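Enquirer: need a structure here:
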Amino acid sequence: MFILTGSIAAFIISAIQILLFFEKRSAGKCIHCIIKNLFAVNLISLAILKYVLKFEHFLVTEKYKADSFIMFFFLALGIGAALLLLFAVFNGHIAFEKETPKKSVGARFIKVLSAIFTALGSACYFGTIWGKSAFGDVTADQLVINLFSPTEGTDPGVYLEAFEGPFFQTMLVTTIFCLFAFCNFKIVYIMNHRVKTVFNDLAHRIISLLLSVACLAGGIVYGVQQFQLQQLYNAYYAESNIIDDNYVYPKKAKLTFPEKKRNLIHIYLESLENSFLSKELGGNIETNLMPELTKLADEGIVFSDNGTKFGGPLQAPGTQWSVAAMINMTTGLPMKTPTEPNAYGSKDNFLPGAWTLGDILAEQGYEQTVMFGADANFGGLSYYYQSHGNYKIMDHRFAKSNGLIPEDYKVWWGYEDDKLYEFAKDELTRLYDTGKPFNFTMETADTHRPGGYLSEKAPKPYSDHYANAIAYSTAETVKFVKWIQQQPFYENTTIVLIGDHLSMDTDFFINYNFKEDYLRTQFNLILNPAPNVKNIPQDRMRNRKYSNFDMFPTILSSMGIEIKGSRLGIGTDLFSGKKTVFEEYGVENANKELEKKSDIYNNTILVDPNRPQEKTTAAKK
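Expert: Numbers count the residues shown, from 1 in each chain. Down below sits the predicted model:
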């Protein structure tokens, strides 16, 4: 079928060659031309198909769809056109001659404008490809919010990838385009001793402009489609009451703490999702990459979105990256695009109107620590945890300044998880020794994209680097939990283990041939919840439609804290059995509404309540 498709293209090229470049059209010469083109066009096109595009068994075509043959037709047509041009040049039918270009301001402006359009279009196209490859299904809200947030502490590899990827590709395409657009030449057609100009400076400018406009339009359309940029319109102009109608201001909610306050250990597991489990456990691969973690799950409570044991929170706007996940699970809110002058990430303005888990526990006398192997300034997390709960922040900078690691130490995003767990043991011991109830929060990093970080101590049972990183990281997490369970404070401590968001390592999913229709969810597990919620009915744990923001009241409930109304922010306590926002509105409908602008979010959460001129009344329930 490929050969037949290529032959049609070869016949078209042969007809053009005979009509335009044959002075005498004898039957023998025409047949010779057709046979030569059939052979050359098909051979070169099939070679590109096999060795460049990596098609297997091009002679066995049953498995290929119509679009594969359409693509091959245009490939063969392009190859034929290139061969036709070479024939015409070598036989003197087409000649390139120098031409003095028009030197008016308008002519030069068109060429410069064409170059700018090409650069912008290329940047949109290659930037989108790189963004989707590097970060997975990032959306418009994540892009905009990250522009408002500090980037200090970012892994330098991200900048290196960006330079070697979209920046370099954009420069290359723009340079090649400029060689064409600013080159001074004309094309003449020579036949039967007659010379005719078929391409002059005017045509040169027109074609350059058309190509650049097509490049710009194509790049923008591709970016809008892939990054769902229509969400920006919703965020800035479309209004919804879903947050306003369902928001419970945590500071005004009635919370009843147990007589003996429980400790909390909250571990965000970087990019950890249930698809890493074997298919028999509800995952999407043949081998369970997390056997120790799944065994540990027998000891605790898992909230699943399906009827099986392993499921998790569903994706909502403003929940798909690490900073957002921490905001979701400690405020009961999605991280929404700021539509007013307020921005994220400044010391005095990181969700200043929110009342968070850290604020609640600080008010109750909790000692609080948050620990990262990376720099907590990334995404403004240091500002968030300082202003909401006065956490002790132990990050990469803290480890260096306090002699935990050498001053010049930098591995992965800061320091690796092997060290994180050891530092965490020391800090947990210190927290216990204070005699106060404590909240210890930490985030792992070794399973971050691209490919994860693999410790020198890690075994390598799998051929895939990321699979080994997942297996080792989760096994080490379980070892850490087992250590906690042996400590004197464990009896009165709740442990929450949860993937912060879905993995962004797109290469891994391609290598493992993930089914596209598989519903990916974050791993979650609550160990040693308070006695009053330990034995909840099974139907409260299965077939739950919920998202990260529901974890806020759920975590507090797991500590034995009774929440009147069972809702904080827009999150619902899953232990209560009360319907979540997703369950009330439907997941698809709720997500559409959550994309839109919220008055409470813009005028209460993003506004400092200590500034009278910006005060608004929060919704109370």
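Enquirer: Let me see the contact set for the closest residue to Ser45 other than its chain neighbours.
Expert: What sits nearest to Ser45 in space, not counting adjacent residues and going by Cβ to Cβ, 6 or more residues apart in numbering, is Ala76, at 4.3 Å. Yep, even glycine has a C-beta here, placed from its N, CA and C like the rest. By Cβ atoms under 8 Å, 6 or more residues apart in numbering, the contact list for Ala76 reads Thr5, Gly6, Ala9, Ala10, Val41, Asn42, Ser45.
Enquirer: what is the mean pLDDT for stretch 210-221?
Expert: Averaged across stretch 210-221, pLDDT comes to 91.
Enquirer: all helices of the stretch 301-450 of the chain, in order?
Expert: If you assign secondary structure with DSSP state H, counting those that start in this stretch, the helices in the stretch 301-450 of the chain sit at 322-331, 357-363, 381-387, 396-401, 417-433.
Enquirer: my guess is Ser566 meets Thr554, correct?
Expert: No: applying Cβ atoms under 8 Å as the test, Ser566 and Thr554 come out as separate, 9.6 Å apart.
Enquirer: what do these two both touch?
Expert: Taking Cβ under 8 Å, 6+ apart as the contact rule, Ser566 and Thr554 both touch Thr572, Asp573.
Enquirer: helices or strands up against the longest helix that the chain contains?
Expert: Among the elements of type helix in the chain, defined by DSSP state H, the one spanning the most residues is helix 105-135. Packing partners of helix 105-135 (3 or more Cβ pairs under 8 Å, 6 or more residues apart in numbering; DSSP states H and E): helix 156-162, helix 168-181, helix 201-227, helix 506-511.
Enquirer: before we move on, back to that, which of the contacts of Ala76 has the largest number of neighbours?
Expert: Of all these, Val41 has the most neighbours under the rule other Cβ atoms under 10 Å, reaching 29 neighbours.
Enquirer: which stretch of helix or strand covers it?
Expert: helix 27-47 (DSSP states H and E).
Enquirer: List the contacts of that helix.
Expert: Contacts of helix 27-47 with the rest of the structure, by Cβ under 8 Å, 6+ apart, involve 2-3, 6-7, 9-11, 13-14, 17-18, 22, 58, 72, 75-76, 79-80, 83.
Enquirer: Using neighbour counts, trim these to the buried set.
Expert: Applying a neighbour-count criterion of 16 or more other Cβ atoms under 10 Å, the buried members of the contacts of helix 27-47 are 2-3, 6-7, 9-10, 13-14, 17, 58, 72, 75-76, 79-80, 83.
Enquirer: Next one, pLDDT for Pro612 please.
Expert: 54.
Enquirer: er, Ala376 I mean
Expert: According to the model's per-residue confidence, Ala376 sits at a pLDDT of 87.
Enquirer: count of residues packed around it?
Expert: 26.
Enquirer: Touching, it and Val370? I think so.
Expert: Yes: Ala376 is within contact range of Val370, at 7.3 Å (criterion: Cβ under 8 Å).
Enquirer: Redo the helices and strands packed on helix 105-135 as JSON lines? Include distance to Ala445 and mean neighbour count.
Expert: Formatted as JSON lines, the helices and strands packed on helix 105-135 follow (distance: least, Cβ to Cβ, whole Å; neighbours: other Cβ atoms under 10 Å):
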{"stretch": "helix 156-162", "distance to Ala445": "13", "mean neighbour count": "13"}
{"stretch": "helix 168-181", "distance to Ala445": "27", "mean neighbour count": "16"}
{"stretch": "helix 201-227", "distance to Ala445": "25", "mean neighbour count": "17"}
{"stretch": "helix 506-511", "distance to Ala445": "16", "mean neighbour count": "17"}
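Enquirer: which residue sits closest to Thr287, ignoring its sequence neighbours?
Expert: The shortest distance from Thr287 to any residue other than its chain neighbours is 5.8 Å, reached at Ser278 (Cβ to Cβ, 6+ apart).
Enquirer: which residues touch the residue lying closest to Thr521 once chain neighbours are set aside?
Expert: On the basis of Cβ to Cβ, 6+ apart, the spatially nearest residue to Thr521 that is not a chain neighbour turns out to be Gly312, at 3.6 Å. Contacts were defined as Cβ under 8 Å, 6+ apart; by that measure Gly312 touches Glu273, Asn274, Val302, Phe303, Ser304, Asp305, Ile498, Gly499, Thr521, Gln522, Phe523, Asn524.
Enquirer: what's the distance between the nearest residue to Gly283 once chain neighbours are set aside and Ile470?
Expert: When the adjacent residues along the chain are set aside, Gly283 lies closest to Leu277, with 2.9 Å between them (Cβ to Cβ, 6+ apart). According to Cβ to Cβ, to the nearest Å, Leu277 stands 11 Å off from Ile470.
Enquirer: returning to what we had before: please work out how many residues are found near the residue nearest to Thr287.
Expert: By the other Cβ under 10 Å criterion, the neighbourhood of Ser278 contains 16 residues.
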